[in-house]
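*Asks:* Using only what follows, build the 3D model:
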Amino acid sequence: MDFKALFNKRVGFFFLIVLGIILAISPAGSIQQPFLSADEMATKVTSKSNQISAEDVAHILIDKQPGVTIIDIRNKSDYEEYHIPTAINIPLENLFKVGNLDQIDPQNTIIVYSNGDAYAAQAWLLMQQQGIDSFILTGGMNYWASAILNPQKPDDLVADSEILRYQLRQSASQYFSPGGKIQSTQPEETKTETQKPITFKKKKKADEGC
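*Replies:* Residues are numbered from 1 along each chain as shown. Coordinates of the predicted model:
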């Protein structure tokens, strides 16, 4: 029997075990791989499949669908002035500071928003690089304010689908505006008409902010 070869194999095996333990407890071992490849991220961006509409978010909140985390990445003062009900405030520059990601359950459907799309798109990209999937609220707070809080009545000659959309927005406006059924991050017990659950596939003034 070649004892020298056997000894070398055992030493090599022991070395691999030790190396694995070191990598597991080192910072390098804690780095997560991107959730999507660069090509997959590009496809999502161009197809807008990484976005969710204000109307769909409104339905989610009205129906009190579980397993949804909404992140407001604006600054604290903007958040305190008004924010989408149930949203937590993690400003973009603080998104990856120690403890902030602990507020996010990666198993939930995660929705991020800012005043517009630009900063939310940055947050989405950074979260993808950390292995966290999410959606961008299309149009951000600007669109939420115009479409959900202050919907404009369409002309009489528009298609029936546009009239129906306006009626849905008007109902949502009554729900989310001051004096409506949701005024804070605390859900109320009052039951509302059940909307069809949203199935996920993985304002300020109109031109203001990112």
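
*Asks:* Which SSE is immediately downstream of the helix or strand residue 127 falls within?
*Replies:* Take DSSP states H and E as the rule and residue 127 turns out to sit in helix 118-129. Sequence-wise, the next helix or strand downstream of helix 118-129 (DSSP H and E) is strand 135-137.

*Asks:* Output the contacting helices and strands for that next one.
*Replies:* Packing partners of strand 135-137 (3 or more CB pairs under 8 Å, 6 or more residues apart in numbering; DSSP states H and E): strand 51-52, strand 109-113, helix 118-129. For every residue, glycine as well, the C-beta is placed using N, CA and C.

*Asks:* Identify whichever of those lies nearest to residue 59.
*Replies:* Closest to residue 59 of these, according to CB to CB: strand 51-52, at 10.4 Å.

*Asks:* where along this structure do the helices fall?
*Replies:* Along the chain, counting by DSSP state H, helices occupy 3-25, 27-30, 38-47, 54-62, 76-81, 118-129, 140-143, 160-176.

*Asks:* For this protein, which helix or strand comes out least confident on mean pLDDT?
*Replies:* Least confident element among the helices and strands of the chain, by mean pLDDT, DSSP states H and E: helix 27-30 (a mean of 38).

*Asks:* List the contacts of the nearest residue to residue 69 once chain neighbours are set aside.
*Replies:* Among residues not flanking residue 69 along the chain, residue 108 sits closest, at 4.5 Å (CB to CB, 6 or more residues apart in numbering). Counting by CB atoms under 8 Å, 6 or more residues apart in numbering, residue 108 makes contact with 67-69.

*Asks:* which of those count as buried?
*Replies:* Buried members of the contacts of residue 108, counted by 16 or more other CB atoms under 10 Å: 68-69.

*Asks:* among the contacts of residue 108, which are in strands?
*Replies:* Secondary structure from DSSP state E places 68-69 of the contacts of residue 108 in strands.

*Asks:* And residue 40, how far from residue 107?
*Replies:* 20 Å (CB to CB, to the nearest Å).

*Asks:* Which one of those two is surrounded by more residues?
*Replies:* residue 40 (12 against 8; other CB atoms under 10 Å).

*Asks:* What pLDDT does the model give the more buried one?
*Replies:* We have a pLDDT of 78 for residue 40.

*Asks:* in this structure, which segments are predicted with low confidence?
*Replies:* 1-36, 178-210 (pLDDT under 70).

*Asks:* what do you get if the cut-off is 50, keeping everything else the same?
*Replies:* Low-confidence segments of the chain (pLDDT under 50): 3, 6-9, 11-31, 180-195, 202-207.

*Asks:* on that earlier part again, between the helices and strands packed on strand 135-137, which one is closest to residue 154.
*Replies:* Smallest distance to residue 154 across the helices and strands packed on strand 135-137 (CB to CB): 22.8 Å, for strand 51-52.

*Asks:* name the helices or strands packed onto the closest one?
*Replies:* If contacts are counted by 3+ CB pairs under 8 Å, 6+ apart, strand 51-52 sits against strand 135-137.

*Asks:* I would like the residues contacting the strand it packs on, please.
*Replies:* With CB under 8 Å, 6+ apart as the criterion, strand 135-137 contacts 50-52, 54, 57, 84, 109-113, 117, 120-121, 124, 143-144, 200.

*Asks:* Any quick ChimeraX command for the buried ones out of those?
*Replies:* Burial among the contacts of strand 135-137 is assessed by 16+ other CB under 10 Å; the matching ChimeraX selection reads:
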select :50,51,52,54,57,84,109,110,111,112,113,117,120,121,124,143,144
